[in-house]
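Q: what's the 3D shape of this:
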Amino acid sequence: MNYFRKIQISIFIILLTFLVGSFVLANEAEFIAANPQFHINLDQATIAKGYTVAAFSDQLKLSLVPGILSESTGVLMEEIVEDMPTPWQMDKISRIYQFEFKNKDAYDNHKPFYIQFSYEEETNNHKQVFFYDKNFSSWRPLPTRDYPEEKFVRSLIHLPFARIAVFSNPEAMTIGRASWYAYKGGNFAASPDFLKGSLVRVHNPENGKYVDVTINDYGPDRKLHPDRAIDLDKVAFSQIASLGSGIIDVWLEPLEIKPDNQGRVLGVSEPGITSELNISSKAAVVMLENSKEIIWEKQATSTLPLASLTKLVAIKVFLDTRPSLDRVVAYSIQDEEYNYEYCAKWESARVKLDNNDMLTIEDLLYSTLVGSANNTIETLVRVGGLTRDKFIEKMNTTVSDWGAVNTHFVEPSGLSPENVSSALDYAIITKEVYTHPIIKKASIMPSYEFYTINTEKWHRIRNTNQLIAINKLHITGSKTGYLDEAGYCLMTRVDLGYDQIIVVTLGAPTRDISFSETEDLIKYIKRKIEN
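A: Take a look at the predicted model:
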């Protein structure tokens, strides 16, 4: 090979090396630009006196006090720009960052350290730092304190590696206004967000004063007072402002939040929260009422026992006979005997009536709808103009005509496990039965009272539906049901403003889960629609 040929080859190799190197450097630069990183080596002398690692224009700080690290280590911090699943019930208000102690053996995980984390979006809601647990694909909460005036939070963590972000919870307002009321005469407060027994520190930002209060009541109503975070007992209010102020600006620092019956704190369980909703009910469906569009489902066509959800169909069939509500009829003990074919007397929800007690059709209707009484629906069947067999036959032909093809009834109360339907069928049924104004009105009434006409005995019927008792979700109708064979069943109808959604859950393992899963479904769908 001649001299000039060797030179040409050498130049080619140099150029190729340069181009490849440039390509690698360009890609590395692009990676770093796409994934901003910060790296620092902490030597023995530095960790002995403690050090605060600050990165990304002080957006994220790790406060490593003496004793946290036993050996020198590198600390790597980077922004995660790849798409990651985020909790469906939360709003992400910061970037997602990752930190790592390169020498993990240097960290004593029995000693937590502080994270200071700035958030980018201002919100009046409760803020908390979460870390991502890839084993469960969930975000798990960290103890967090908000500093709203500085727009950062501080958290404790005991992990040598984590991906973290700040989320705000739209279910809990922590920045807003507060009024006062006279009730218990102590350091108490009413909250629509924090459960009774929770301990909250209420700050007055105008003068720097604060008071620690125990939540012992529900309120204020956010539909009437959308900017009210809390209402204080007169005694508590007077410790941070003059009573003459009436209403003041406050920010809330939750000190101890009471969990719900399932151990969840503001909807967050110990294993964390995920990007999609998972429910334990055997079947469920969410349907837009006007279009019948199914927007969420789980085993929606499975045929399952219906329990007391049966009663809405029986009531609709009865109302279709156009009865006079003020008509007076006599109660018969025989009416409740039909119930005892399926349960013991003490097991049946009933209005305690004596033979030949006189009451109106209206009293029977509301007792059945509000209190889910099993005996009063049988009285309505008896006085409705059809034989009992023909009435039940009419129930079946009616729902079949509506398109509920997987539904069948053998009696009108729901006590028989042979009364069956599917979640989808019952959503279709709900759309039809809620065309009647009496059903619309009665199914969200907290209670109903009446006197028997002949004996003037007073009766008060209570609605035990928890979603009705504290209606934060714009509920326009709801019905519960339970049998051993059916589990807990629940239908709920919710006003979206432009339409109604119908939520049906069948076969929940407990009453509390039935309510909480329905509530989660409503919130989940609302957020999906709004976003």
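
Q: which residues does Cys73 contact?
A: To be clear, residue 73 is Thr; Cys isn't right here. 41-42, 47, 101-103, 106-107 (CB atoms under 8 Å, 6 or more residues apart in numbering). (C-beta placed from N, C-alpha, C; glycine too.)

Q: what's across from it in the sheet?
A: Leu42 (DSSP bridges).

Q: domain assignment for the protein?
A: Taking automatic domain parsing as the reference, the chain has its domains at 1-32, 37-171, 174-256, 283-530.

Q: nearest to Thr274, out of those?
A: Ranking the domains of the chain by proximity to Thr274 (CB to CB) places domain 37-171 first, at 4.9 Å.

Q: Asn396: neighbour count?
A: If you count neighbours by other CB atoms under 10 Å, Asn396 ends up with 16.

Q: quick one: it is in a strand?
A: No: assessed with DSSP: H, G, I helix; E, B strand; the rest coil, Asn396 is helix; it does not lie in a strand.

Q: wouldn't Tyr451 be in contact with Met358 here?
A: No: applying CB atoms under 8 Å as the test, Tyr451 and Met358 come out as separate, 10.1 Å apart.

Q: rewinding a little: how about the domains of the chain in TSV, adding mean pLDDT?
A: As requested, the domains of the chain are exported to TSV (pLDDT from 0 to 100):
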stretch	mean pLDDT
domain 1-32	38
domain 37-171	95
domain 174-256	96
domain 283-530	95
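
Q: to Leu266, which of the ones you listed lies closest?
A: Across the domains of the chain, Leu266 has its closest neighbour in domain 37-171 (5.4 Å, CB to CB).

Q: if we can go back for a sec, mind checking which of the domains of the chain is nearest Glu270?
A: Across those, closest to Glu270 is domain 37-171 (CB to CB), at 7.8 Å.

Q: and that closest one, how far from the chain's centre?
A: When distances are taken as CA atoms, centre = their mean, to the nearest Å, domain 37-171 is centred 26 Å away from the chain's centroid.

Q: any idea how far Gln334 lies from Glu393?
A: 20 Å (CB to CB, to the nearest Å).

Q: and the strands in the stretch 101-250 of the chain?
A: For the stretch 101-250 of the chain, the strands defined by DSSP state E, counting those that start in this stretch occupy 113-118, 125-133, 138-141, 144-147, 152-157, 161-173, 175-181, 188-190, 199-204, 209-217, 228-233, 248-256.

Q: other residues contacting the helix or strand just after the last one?
A: So that's strand 248-256. Moving toward the C-terminus from strand 248-256, the next helix or strand (DSSP states H and E) is strand 283-288. Residues outside strand 283-288 that contact it (CB under 8 Å, 6+ apart): 293-300, 302, 304, 422-424, 427-428, 431, 499-507, 517, 521, 525.

Q: mind doing that once more with 7 Å?
A: Contacts to strand 283-288, defined as CB atoms under 7 Å, 6 or more residues apart in numbering, come from residues 293-300, 302, 304, 422-424, 427, 499, 501-507, 521, 525.

Q: and these, which are buried?
A: 296-300, 302, 304, 422-424, 427, 501-507, 521, 525 (16 or more other CB atoms under 10 Å).

Q: strands - which of these land there?
A: 296-298, 304, 501-507 (DSSP state E).

Q: what is the nearest of those to Pro323?
A: Nearest member of these to Pro323, counting by CB to CB, is Ile502, at 26.2 Å.

Q: residues of stretch 66-84 that come out buried?
A: Buried, per 16+ other CB under 10 Å, within stretch 66-84: 68-69, 73, 75-80.

Q: so which of these are in helices?
A: Under the assignment DSSP state H, the buried residues of stretch 66-84 contribute nothing to helices.

Q: now intersect the residues you listed with the strands, please.
A: 73, 75-79.

Q: ok so, going back, can I get the domains of the chain in CSV including distance to Leu277?
A: Formatted as CSV, the domains of the chain follow (distance: least, CB to CB, whole Å):
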stretch, distance to Leu277
domain 1-32, 35
domain 37-171, 6
domain 174-256, 21
domain 283-530, 5
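
Q: so which of the ones you listed is nearest Ser269?
A: That would be, of the domains of the chain and by CB to CB, domain 37-171, which comes in at 9.0 Å.

Q: wasn't Ile47 part of a strand?
A: No: read with three-state DSSP, Ile47 is helix and lies in no strand.

Q: number of nearby residues for it?
A: Neighbours around Ile47, by other CB under 10 Å: 20.

Q: Asp105 too?
A: There are 10 residues near Asp105, going by other CB under 10 Å.

Q: for Ser57, same thing?
A: 7.

Q: to Gln262, which of the domains of the chain lies closest?
A: Nearest of those (CB to CB): domain 283-530, 6.0 Å.

Q: what pLDDT does Ala34 get?
A: Ala34 is assigned 52 on the pLDDT scale.

Q: contacts for whichever strand or helix holds Cys489, please.
A: Cys489 is located in strand 487-495, with elements delineated by DSSP H and E. The contact list for strand 487-495, computed with CB under 7 Å, 6+ apart, reads 282, 306-307, 309, 426, 430, 434, 467, 473-482, 500-511, 514-515, 518, 522.

Q: using neighbour counts, pick out the buried residues of it.
A: Buried, per 16+ other CB under 10 Å, within strand 487-495: 487-494.

Q: which stretches of the stretch 351-500 of the chain form helices?
A: 361-371, 374-383, 388-402, 423-433, 437-442, 466-469 (DSSP state H, counting those that start in this stretch).

Q: other SSEs contacting the longest one?
A: Helix 388-402 makes packing contacts with helix 310-319, helix 423-433 when contacts are defined by 3 or more CB pairs under 7 Å, 6 or more residues apart in numbering; DSSP states H and E.

Q: closest one to Ile93 among these?
A: helix 423-433 (35.4 Å).

Q: and the contacts of the closest one?
A: Taking CB under 7 Å, 6+ apart as the rule, helix 423-433 contacts 283-285, 287, 289, 300-301, 306, 309, 312-313, 316, 399, 402-404, 406-407, 439, 491, 493, 502, 504, 506.
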